[in-house]
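> here is the input, now give the coordinates:
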Amino acid sequence: MLARLTTLAQELAGAFRPTTVVELVARALAELLKPDRLSVILLHAESNRLAVTYDTHPVPARTDDPLLQLALRRGPLAFPRDVGEEARRRGADLPGDAPSPGSWLGAPLVAAGRTVLAQAAIVLENARLVELLSSAKREWEKTVDAISQAICIVDAHGTVRRANRVFADLIQTAVTAIPGRPWLGLLPPAWSDPVARAIAEPSASTAEIRAGDRVLLLTAIPMAEPGSAVLVFEDQTDRRRLQEQLIQSEKMSAIGQLIAGVAHDLNNPLASVVGFSDFLAEASDVPPSLREPLQVIRQEAERAATIVKNLLSFARSQQGERTRQPIRALLDSTLALLRNQLMAHKVEATLEVEPGLPDVEVNANQIKQVFVNVINNACQAIASDAPSGRIWIAARRVRDSIAVSVTDSGPGMTEELAAHVFEPFFTTKREGEGTGLGLSICQGIMKEHGGHIALDTRPGGGATFTLELPIGARAARAEAAPVPPGEPKPLSILVVDDEPHILHYMRATLESWGHTVEVASDGTYALERALAGPFDVIICDLRMPHLSGREMYTKLARQDPRVAERIIFATGDTVRGDTLQFLEALGRPYLHKPFTLAELRAALGHAAKQPA
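Numbers count the residues shown, from 1 in each chain. Presented below is the predicted three-dimensional model:
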């Protein structure tokens, strides 16, 4: 027996799991005592309840058995005979319906004394602690591995004690190879100074660290031992990118508001220039020598007006008028516009259009603006790299779209530059040669038409811009039917505008057409005149000081709806969504400054057909 108990003691010394300890003790007792039944019952650490962990009987012992409870209260007990009587003498009554065992032995596993069972109790408790420690370690690992931040714990000697998998991925090292190594050898050299300063701080501190194109926020939380800390690295790249996009969005919103004011301030004088040049061009007493200068004035004014419209298109998406157009005609007219510039840079452009292409429904001016911008960029790219070059333009059908590709023999672009070409204000040109708005405006126009632009380029291999336009585009906004030609009937017209030059040329023009004209430079006075005198048409500026055109219309509609229905608005500002919604909600023609006399005639013709 002594030899067997000695062997058991040796076996228990190497046991580190509770189940192993129980099996060793049960096997030794079974060999030594050869009992009819052997049960091992332990206290469950988490539930604090007794649980049968080993039993040789098919039916496990009950944890409320009186003999078991007696052994727990009174310590080790041995009843060689008269088990029921011995139990009653000690205050435990056995059930009368169950036979009492012939002999019984009960011994709590208590870590006291020098017995083998005491040693077993110590080993069992140690095994439980090891198991709890392993379980806690696994739970810690699972918890910190589930955190998106990279975490490592550094001791006072600069050694990493623990780290999660995110930290291992950050430094590209196996997580099992991190503990025990100095943090200086694990982190990139560029991080050494900010990390060292953060660890040296007596309280929690933060620092920004850059890893290539990534931005990391380091938070160092001091621990009890000086020099030890928990380091938390949080990737801020996406958040910073979103912040930059938000700032850019706010900037674009401010630019849109600025453009609205600039457009109004530019369109008013342009309206006078276009109007007077049209008026003089129609006059019969203008000397022939002045007709060409007048034409130049008109063309340059329209050129300036186009620039303002481009700014408006950039600030706000505008659908505009769309008609079905053959793609070859659009490309031919674009190349005709750029012929002189291409010749000046010694660039040869070739056009190849696949036969039988269907027409596309587009705003011709806007799409030509896109083609002009892309071809012009290709020409400038060639000129920056070589004394001459070539541009290949091809149009073909791709599924339900028409694809126009513009390929140049220029220097091409790197992947980093190509990723930014469609961003507003991004440009590779020298200061004063470009604003960086061209391609962003073009992208907006293409999206409004249901298409898109793609770029394929590589350094030294030129660049190809592919523009795809859908064949089945959405329908354009319905416009008023054109007025049939004929002698216009004389109308009584009230012109309201706060610009004296516009009032001047409008009066001169309308009176030369045989109309009776009255002008007003103030909305309040115009409201009085509109209510007092019968006017066939009221041409009113929408944006005026004191009383705006919209406010004047609202008061007219309330006091005399028939007079309000005779208003034709003229405005140099439709960039604001509420302005355009107001004009379109009226369902009446409106004039966008600077308007031509042909557009003015069409508006008056539409008004002349309205019932008095």
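> when you work out contacts or count neighbours from here on, use the C-alpha atoms and nothing else.
Fine.
> for the stretch 101-250 of the chain, give me the ranges with low pLDDT.
Along the stretch 101-250 of the chain, the model assigns pLDDT under 70 to residues 109-120, 127, 129-137, 245, 248-249.
> in it, which spans are strands?
All strands of the stretch 101-250 of the chain, identified by DSSP state E, counting those that start in this stretch, fall at 104-106, 150-154, 160-163, 205-211, 214-222, 229-235.
> and those strands: which comes nearest Arg138?
Across the strands of the stretch 101-250 of the chain, Arg138 has its closest neighbour in strand 160-163 (12.6 Å, Cα to Cα).
> for the closest one, packing partners?
strand 150-154 (3 or more Cα pairs under 8 Å, 6 or more residues apart in numbering; DSSP states H and E).
> what angle do the strand it packs on and strand 214-222 make?
40 degrees (axes from the mean of the first three to the mean of the last three Cα atoms, to 10 degrees).
> paired strands for strand 150-154, with orientation please.
Counting by DSSP bridges, the strands paired with strand 150-154 are strand 160-163 (antiparallel), strand 229-235 (antiparallel).
> okay, those in CSV with distance to Pro269 and mean neighbour count next?
Formatted as CSV, those follow (distance: least, Cα to Cα, whole Å; neighbours: other Cα atoms under 10 Å):
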stretch, distance to Pro269, mean neighbour count
strand 160-163, 69, 20
strand 229-235, 53, 22
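> nearest to Val59, out of those strands?
strand 160-163 (47.0 Å).
> so what touches the closest one?
150-155, 175, 178-183 (Cα atoms under 8 Å, 6 or more residues apart in numbering).
> just stretch 507-516 next, same as before
So stretch 507-516 is contacted by Phe279, Pro490, Leu491, Ser492, Ile493, Val495, Val517, Glu518, Val519 (Cα under 8 Å, 6+ apart).
> now the end-to-end length of it.
9 Å (Cα to Cα, to the nearest Å).
> could you give the average pLDDT over it?
Across stretch 507-516, pLDDT averages out at 90.
> buried residues in it?
Using 16 or more other Cα atoms under 10 Å as the test for burial, stretch 507-516 gives Arg507, Thr509, Leu510, Glu511, His515, Thr516.
> of the contacts of stretch 507-516, closest to Ile209?
Val495 (64.7 Å).
> wait, what's in contact with the closest one?
Val495 makes contact with Leu503, Met506, Arg507, Val517, Glu518, Val519, Ala520, Ile538, Ile539, Cys540, according to Cα under 8 Å, 6+ apart.
> could you tell me which of those belong to helices?
Leu503, Met506, Arg507 (DSSP state H).
> can I get those in a markdown table including distance to Gly212?
Output for the ones in helices among the contacts of Val495, formatted as a markdown table (distance: Cα to Cα, whole Å):
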| residue | distance to Gly212 |
| --- | --- |
| Leu503 | 62 |
| Met506 | 63 |
| Arg507 | 67 |
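> pLDDT below threshold where in the stretch 301-450 of the chain?
310-321, 424-437.
> which residues in it form helices?
Defined through DSSP state H, counting those that start in this stretch, the helices belonging to the stretch 301-450 of the chain, from first to last, are 327-337, 339-344, 364-383, 415-418, 438-448.
> need those in JSON lines with distance to Pro226 and mean neighbour count, can you?
Shown next, in JSON lines, are these (distance: least, Cα to Cα, whole Å; neighbours: other Cα under 10 Å):
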{"stretch": "helix 327-337", "distance to Pro226": "73", "mean neighbour count": "16"}
{"stretch": "helix 339-344", "distance to Pro226": "72", "mean neighbour count": "14"}
{"stretch": "helix 364-383", "distance to Pro226": "61", "mean neighbour count": "20"}
{"stretch": "helix 415-418", "distance to Pro226": "45", "mean neighbour count": "12"}
{"stretch": "helix 438-448", "distance to Pro226": "55", "mean neighbour count": "21"}
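> want to throw the ones you listed into a markdown table with distance to Leu216?
Output for the helices of the stretch 301-450 of the chain, formatted as a markdown table (distance: least, Cα to Cα, whole Å):
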| stretch | distance to Leu216 |
| --- | --- |
| helix 327-337 | 49 |
| helix 339-344 | 49 |
| helix 364-383 | 37 |
| helix 415-418 | 22 |
| helix 438-448 | 31 |
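> select, out of those, the one closest to Leu68.
Nearest of the helices of the stretch 301-450 of the chain (Cα to Cα): helix 415-418, 78.6 Å.
> by contact count, what packs against the closest one?
strand 452-457.
> what residues of the strand it packs on count as buried?
Buried residues in strand 452-457, counted by 16+ other Cα under 10 Å: His452, Ile453, Leu455, Thr457.
> please name the residues that touch the second one.
Counting by Cα under 8 Å, 6+ apart, Ile453 touches Gln443, Met446, Phe465, Thr466, Leu467, Glu468.
> farthest-apart pair in the contacts of stretch 507-516, please.
Pairwise distances across the contacts of stretch 507-516 (Cα to Cα) peak at 19.5 Å, for the pair Phe279 and Ser492.
> mind checking which of these two has more residues around it?
Legend: neighbour count by other Cα atoms under 10 Å for Phe279 and Ser492, higher for Phe279 (19 against 16).
> tell me how far that one lies from Gly84.
130 Å.
> equivalent analysis for Pro287, please.
141 Å.
> which of these two has more residues huddled nearby?
Gly84 (21 against 8).
> now the more buried one: which helix or strand?
Using DSSP states H and E, Gly84 maps to helix 83-89.
> tell me which strands and helices that helix is in contact with?
If you count contacts as 3+ Cα pairs under 8 Å, 6+ apart, helix 83-89 packs onto no helix or strand.
> one more time with 10 Å, if that's ok
helix 66-74, strand 77-79, strand 104-106 (3 or more Cα pairs under 10 Å, 6 or more residues apart in numbering; DSSP states H and E).
> need the strands for the stretch 501-612 of the chain, in chain order.
Going by DSSP E, counting those that start in this stretch, the stretch 501-612 of the chain shows strands at 516-520, 537-541, 567-571, 591-592.
> deepest in the core, which of the ones you listed is it.
The highest mean neighbour count among the strands of the stretch 501-612 of the chain, using mean count of other Cα atoms under 10 Å, belongs to strand 537-541: a mean of 26.
> just the CA atoms of that one, as CSV, please.
Taking Å, rounded to 0.1, in the frame of the first residue of the first chain, the C-alpha atoms of strand 537-541 are listed here in CSV:
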residue,chain,number,x,y,z
VAL,A,537,-46.4,91.7,-70.9
ILE,A,538,-44.3,92.4,-67.8
ILE,A,539,-40.6,91.5,-68.2
CYS,A,540,-39.3,91.4,-64.7
ASP,A,541,-35.8,90.8,-63.3
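> for that strand, what is the distance to the chain centroid?
Centroid separation between strand 537-541 and its chain, computed with Cα atoms, centre = their mean, to the nearest Å, is 45 Å.
> thinking again about what came up before, which among the helices of the stretch 301-450 of the chain is found nearest to Arg128?
helix 415-418 (58.7 Å).
> CA atoms of the closest one as CSV?
The C-alpha coordinates for helix 415-418 follow below in CSV (Å, rounded to 0.1, in the frame of the first residue of the first chain):
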residue,chain,number,x,y,z
GLU,A,415,-1.0,55.9,-61.3
GLU,A,416,-1.0,58.4,-58.5
LEU,A,417,-1.7,61.4,-60.8
ALA,A,418,-4.4,59.4,-62.7
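> so how far is it from its chain's centroid?
So, by Cα atoms, centre = their mean, the centroid of helix 415-418 is 20 Å from its chain's centroid.
> next: stretch 191-208.
How far stretch 191-208 lies from its chain's middle: 32 Å, per Cα atoms, centre = their mean.
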